[in-house]
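In: Give me the fold of what follows.
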Amino acid sequence: MKTSIIQIGNSRGVIIPSRILRKCKLSLKSAVEIGYDDDGAITIKPVPRQGWAGAAQQMAQSKDDTLLMGDLFDDENVNGWTWDEK
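Out: Next comes the predicted model:
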């Protein structure tokens, strides 16, 4: 797939097609890490959000890890559902 380098202010940018962004789960303002190798290949990788584990532990310690929604919706009917036993 070909794309172009464009000018953005004093910098340059590359137009990334939206289907590639969707496939890579990226959106506007997503944090990415950009790099290159000796052959001139440019890589763009998403930066995973930091601090999830610590935030979850802190929520559990402060008893702030309760469900925001119930397990069932008010109009949900589970009668007749069957569950596979393993």
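
In: CA atoms for contacts and neighbours, from now on please.
Out: Noted.

In: could you point out the longest helix in the protein?
Out: helix 52-61 (DSSP state H).

In: Give me the buried positions along that one.
Out: Across helix 52-61, burial judged by 16 or more other CA atoms under 10 Å covers no residue at all.

In: who's in contact with that helix?
Out: Asp65 (CA atoms under 8 Å, 6 or more residues apart in numbering).

In: Begin at 314, not 1, for the rest of this chat.
Out: Noted, 314 is the first residue going forward, which turns the last one into helix 365-374.

In: what sits against Val391?
Out: Contacts of Val391 by CA under 8 Å, 6+ apart: none found.

In: Just confirm it is within a strand.
Out: No - counting by DSSP: H, G, I helix; E, B strand; the rest coil, Val391 falls outside a strand, being coil.

In: Now do the phi/psi pair for the residue nearest in space to the middle of the chain.
Out: What sits nearest the mean C-alpha location of the chain, by CA atoms, centre = their mean, is Lys338, with 5.5 Å. Note on Lys338: its backbone torsions stand at phi 60, psi 50 [degrees, to the nearest 10].
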